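[1] got a sequence here, can you model it:
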Amino acid sequence: MTNVSKAGIRPLGPWIAMARLACLLLALASLAAPMVLSGCAAKAKPLEAPASAAKLPAAEALAKGEESLALGQYELATNYLNRALEMDPRLDEAYLARGKALHALGNPEQALFDFNRAVSLRPEWAVAYYDRATAYLALERPQEALDDQRKALNLDPGLAVAHNDMGLALAALDRPEEALQAFNAAIRVSDGRLAQAFYNRGTLRLRDELLVAAQEDLSRAVELDPELAPAFNNLGILRNRTGAYEAAVLDFDAAIALTPKNPNLYLNRGIAHENQNRYDKAIQDYTRALALKPDYAQALHNRGVLFMRLSARTRACEDFEAACQLGLCHRHEATKKLGLCW
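    Presented below is the predicted three-dimensional model:
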């Protein structure tokens, strides 16, 4: 990616910046599964059930647990559902709901236990297989996820989210053509209303450089779900590739507004600014990325390139050296050979 001549470091052209962008984005590298409760995770609050919960009958505790789950109050939900299961250990709906809450809290292994119980208690329950598959995906067990999604769809062929997650499992198993078919099915079965399916299909098409089709899918995804930050991110990547840099900045702005603590988004927006020769803004974004992730080698490298362009050689060399300590050494080694850095 580095062009070096005897005269020094040649400025990187926009095509190089775009290639770097395409290689490094985590959101582009992995497909996103739909959340069990879309849009609620960020609102979760660590609430505890009131003392009176210990006196609730099973049915009432289940109802309050499901209500808390729907509100994104996952810890509160687990407390109510614990009570429900203490009163009735065979309450399959409580196992399913508690599994969803545990998964949303970042505990897929514990969630898997509850989903297993739900399946064993009600083996013809399509949604239980679907939810268990989401846990398998989170645990990087795609074949088991695929098996469960097939079971879910055998029981309920109209379960659009299961088609979508089957696509995720197939993509993880490196079967992209079948994954695309699964996303197509999810879109068809949902009557074109499942944002995640458009996002996932658009991401596959972006990887295959089908840019017009990818843009249509990603644009539809954000129309359906304006809070789907990864779709805005991938739209930004796509627009960087097509030279629509200002539009890319706006896409990254939208993604950052939704997920302001994701360092990759600042790196991407910085590259979009860099492609427009807005070096000061690009440096600000690379610096923001580093504030969130101090060991971000690519952000150090990119910022160093701009410092060198702006004749801030000492700061550039410091960034190149720091990036090299993190494993990204080509710029550091090249500038040392040219006598530009120590």
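[2] which intervals of the chain have sub-threshold pLDDT?
    Where the chain drops to pLDDT under 70, the residues are 1-54.
[3] show me where it has its strands.
    Secondary structure of the chain (DSSP state E): strands at 4-5, 8-9.
[4] and H273, how far from S311?
    19 Å (Cβ to Cβ, to the nearest Å). No exception for glycine: its C-beta is placed from N, CA and C like everyone else's.
[5] same check, this time on E227
    On the measure of Cβ to Cβ, E227 and S311 end up 42 Å apart.
[6] with L170 instead?
    Counting by Cβ to Cβ, the separation of L170 from S311 is 51 Å.
[7] mind checking which of those two has more residues around it?
    Between L170 and S311, counted using other Cβ atoms under 10 Å, L170 has the larger neighbour count: 23 against 7.
[8] show me what contacts that one?
    L170 is in contact with 142, 146, 176, 178-179, 182, counting by Cβ atoms under 8 Å, 6 or more residues apart in numbering.
[9] what's the closest non-adjacent residue to L69?
    A77 (4.2 Å; Cβ to Cβ, 6 or more residues apart in numbering).
[10] dump the residue contacts of the one you found.
    A77 sits next to 65-66, 68-69, 97-98, 101 when contact means Cβ under 8 Å, 6+ apart.
[11] any idea how far G192 is from it?
    From A77 over to G192 (counting by Cβ to Cβ), the distance is 31 Å.
[12] coming back round to it: any chance of the contacts of A77 in a markdown table, with distance to N302 and neighbour count too?
    Shown next, in a markdown table, are the contacts of A77 (distance: Cβ to Cβ, whole Å; neighbours: other Cβ atoms under 10 Å):
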| residue | distance to N302 | neighbour count |
| --- | --- | --- |
| G65 | 47 | 29 |
| E66 | 47 | 21 |
| S68 | 44 | 24 |
| L69 | 42 | 24 |
| A97 | 45 | 27 |
| R98 | 44 | 31 |
| A101 | 40 | 30 |
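[13] just want the phi and psi numbers for G327.
    phi 110, psi 0 (degrees, to the nearest 10).
[14] that one: how many residues sit nearby?
    Other residues close to G327 by other Cβ under 10 Å number 8.
[15] could you do L168 as well?
    Counted with other Cβ under 10 Å, L168 comes out at 26.
[16] likewise A135?
    Neighbours around A135, by other Cβ under 10 Å: 26.
[17] likewise G158?
    Neighbour count of G158, defined by other Cβ under 10 Å: 10.
[18] helices along the stretch 151-300 of the chain, start to end?
    In the stretch 151-300 of the chain, the helices defined using DSSP state H, counting those that start in this stretch lie at 160-172, 176-189, 195-207, 211-224, 229-241, 245-258, 263-275, 279-292, 297-309.
[19] and those as CSV, adding distance to A138?
    Listed next are the helices of the stretch 151-300 of the chain as CSV, based on distance: least, Cβ to Cβ, whole Å:
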stretch, distance to A138
helix 160-172, 11
helix 176-189, 18
helix 195-207, 15
helix 211-224, 21
helix 229-241, 16
helix 245-258, 21
helix 263-275, 20
helix 279-292, 23
helix 297-309, 26
